[in-house]
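**Q** Coordinates for the following, if possible.
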Amino acid sequence: MSRAEEGPALVSVKPDQRKKTRLLGGATRSLVGKLILLLLVFMTVPVILYSEFRQADSEKRRLLLESVRAQGSLIAESLRPLLEREDPSPLPDLNEAVKPLANDHSGVKVLFRPASQHGLEDFFFVASEPPVPAATLAAERDRLIERGVLDKLAQSCQVEVPIALRHLQESGTEELLTSITPVTSAAGCWAIITTHTSTEMLGTAIDQPYWKTIEVRIASAIYLGMAIFTFGLFYSIWRSIMRFRDMARGIGEGRAASVGFAAQNEVPELSEVAEEFDRMTSALRDSAEDLRRAAEDNAHAFKTPIAIMRQSLAPLHRLIPEDNPRGKRALEVIEESVDRLDYLVASARRLDQATAELLDATREKINLSRLLERMLAAYADSMASRNVVLAKSIQQEIVVRAGQDLMETVIENVIDNAVEISPPGAEVRVDLRRAKGGVVLIVRDRGPGVAPENLERIFERYVSLRERPKENTKENTKENAKEDTTEEPGPHFGIGLWIVRRNLQSVGGQVWAENRPAGGLAIVIGLPLAS
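**A** As a prediction, this is how the structure comes out:
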């Protein structure tokens, strides 16, 4: 079943394959294509750089931790003689002993567990430099237990524990616990903890995700700012182009006919372009007006002598006797030629007007539903005389933006064709519906249809596939046939559907033909709704 038979609501505009190819081919050259490519770059580059920098930071962190752990081992060795002393107890002298081992960027803390105890909770701080309140030290010990740092130490007091643990002091200062070195003595298990507060250590990703480091945050802020600026610039360009497009559409549709591009443009860089567009628009309008004026003048100039010739033929009919068939036939040929010339003049006028509409189409809001109802009512007598039945389904209040005369010409040509080729008793059906993306008008007949290879040709200029009507009269003898050597088709010159397509193209519409499965032709017209 064809799309026309499915119903107007299901009909969509025929795709133009060449247009699709052009769109696909130009996707990478368009502003949107470049924006997508830039977006991919902005997404890919940070991932690559982040991976590389994280690997570099990991190596830096490894070297720093090895350095501070070696430092912790040296501190532990320097305290070992004191911690292994049995008598007197090293505890009273421990705070004085760790003071020289600390500086402005690092500190030393000492944990102790008596030999008689074996649990994790039995560890407690006995010295700290710089000094830290007892409550803070207790909270720090609990965190070490919670993180499992003291598990191995509690088991043997022989294993050096490598750690990297951030700790926030009550003063708000953040410090980094970098190593725990055990020392075993008769009194119990000692653990020397080294800490660092230097930017060199805290600026790394030790004990935190790499993205939390200062360098990454600063780089991310700069990168985000650059991305916002870049995409904002693209958006500004895109918005200017879209505004220019809307200006062109408004001028083309007659919504801003009195205001040019230059008057509406707000982008200085587009000023010269706007002025050129104004000049081209003015030239097109002038050309369209010249064509319309020339069409009227030429039609008037030709119509006068044609009318005179037609009037002059009346006396000749009376002068030529009835028994002179050759004279009568000559008059008939002259009358047919005058009629043909009259039709040619009218056709030439319509061609010029159609060309003018392409250059500068009249645009106004038209209630297509009412216009179609009125025109179909005018066809009632004509259809009745030809014994043609009209069936219609018209959705109300459909408004399009086009010219009144333009749409009347389109509807008149399509319906005239449907009525003329329909056999007596046949039905001509007219449907008007809103469809996806616009409006669809379908005129269906029960004529002979068109060969599939000619469905597009019928919209070409001077292409008429109708057979010339033959008259069977007494005067149409072999002798007369020999004298009548013209091979031109009757009154149909093949411009009606050409004008239909051109008129619709000038207002953003399309038209095509489809053969009906049960016989006949469907002319499908697509138009955008008025905004």
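**Q** Wait, residue 375 touches residue 410, no?
**A** No: using Cβ atoms under 8 Å, residue 375 is not in contact with residue 410; the gap is 10.3 Å. Glycine gets a C-beta too; all of them are placed from N, C-alpha and C.
**Q** Between these two, which has more neighbouring residues?
**A** Between residue 375 and residue 410, counted using other Cβ atoms under 10 Å, the more crowded position is residue 410 (27 against 15).
**Q** Confirm that that one sits in a strand.
**A** No: assignment of residue 410 by DSSP: H, G, I helix; E, B strand; the rest coil gives helix, placing it outside any strand.
**Q** That one contacts residue 500, doesn't it?
**A** Yes: contact criterion Cβ under 8 Å: residue 410 and residue 500 qualify, at 5.1 Å.
**Q** what do the two both touch?
**A** residue 525 (Cβ atoms under 8 Å, 6 or more residues apart in numbering).
**Q** Give me the number of neighbouring residues for residue 424.
**A** Neighbours of residue 424 (other Cβ under 10 Å): 8.
**Q** And it, how far from residue 385?
**A** 10 Å (Cβ to Cβ, to the nearest Å).
**Q** Now name the helix or strand holding residue 126.
**A** Residue 126 belongs to strand 124-129 when assigned by DSSP states H and E.
**Q** Residue ranges in this protein under the pLDDT threshold?
**A** 1-29, 160-164, 167-172, 198-207, 251-259, 350, 353-354, 356-362, 465-494 (pLDDT under 70).
**Q** hmm, back to that, contacts made by the strand holding residue 126 with the rest, please.
**A** 91, 94-95, 97-99, 101-102, 107-113, 132, 134, 137-138, 140-141.
**Q** Swap in 6 Å and give it another go.
**A** 91, 94-95, 98-99, 102, 107-112, 137 (Cβ atoms under 6 Å, 6 or more residues apart in numbering).
**Q** Equivalent analysis for stretch 414-422, please.
**A** Contacts of stretch 414-422 (Cβ under 6 Å, 6+ apart): 388, 428, 443, 445-447, 523.
**Q** Equivalent analysis for stretch 105-118, please.
**A** With Cβ under 6 Å, 6+ apart, stretch 105-118 has contacts from 98, 101-102, 122-123, 125-130, 188-193, 195-198.
**Q** Pull out the buried positions in stretch 144-157.
**A** 144-145, 149-150, 153-154, 157 (16 or more other Cβ atoms under 10 Å).
**Q** now swap in stretch 335-342 and tell me
**A** 338, 342.
**Q** before we move on, back to that, okay, now the sheet partners of the strand holding residue 126, with direction.
**A** strand 106-114 (antiparallel) (DSSP bridges).
**Q** Give the next helix or strand downstream of the helix of greatest length in the chain.
**A** With DSSP state H setting the assignment, residue counts place helix 31-83 as the longest helix in the chain. Downstream of helix 31-83, the first helix or strand assigned by DSSP H and E is helix 91-98.
**Q** domain ranges for the chain?
**A** As assigned by automatic domain parsing, the chain contains the domains 51-212, 362-531.
**Q** hang on, the earlier thing: and the helix or strand following the strand holding residue 126, what does it pack onto?
**A** Beyond strand 124-129 in the direction of the C-terminus, DSSP H and E gives the next helix or strand as helix 134-146. Under the contact definition 3 or more Cβ pairs under 6 Å, 6 or more residues apart in numbering; DSSP states H and E, helix 134-146 sits against no other helix or strand.
**Q** Try it again at 10 Å.
**A** On a contact count with 3 or more Cβ pairs under 10 Å, 6 or more residues apart in numbering; DSSP states H and E, helix 134-146 meets strand 106-114, strand 124-129, helix 151-156, strand 161-168, strand 174-184, strand 188-196.
**Q** the helices in the stretch 151-300 of the chain, which residues?
**A** Counting by DSSP state H, counting those that start in this stretch, residue ranges of the helices within the stretch 151-300 of the chain are 151-156, 199-202, 214-252, 261-264, 271-319.
**Q** just the strands in the stretch 301-450 of the chain please.
**A** For the stretch 301-450 of the chain, the strands defined by DSSP state E, counting those that start in this stretch occupy 364-367, 389-394, 399-402, 427-435, 438-444.
**Q** List the strands paired with the second one, with their directions.
**A** Right, the one you point to is strand 389-394. strand 427-435 (parallel).
**Q** related to what we said a few turns ago, please, a PyMOL command that selects the buried ones among the contacts of stretch 105-118?
**A** Selection of buried members from those for PyMOL, criterion 16+ other Cβ under 10 Å:
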select buried, resi 98+101+102+123+125+126+127+128+129+130+188+189+190+191+192+193+195+196+197
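**Q** How about the contacts made by the residue of the chain most remote from its centre?
**A** Distance from the centre of the chain peaks at residue 87, with 85.8 Å (Cα atoms, centre = their mean). Each residue near residue 87 by Cβ atoms under 10 Å, 6 or more residues apart in numbering is listed here: residue 186.
**Q** Return the distance of it relative to residue 77.
**A** 22 Å.
**Q** do you know how far residue 208 is from residue 511?
**A** For residue 208, the distance to residue 511 (Cβ to Cβ) stands at 68 Å.
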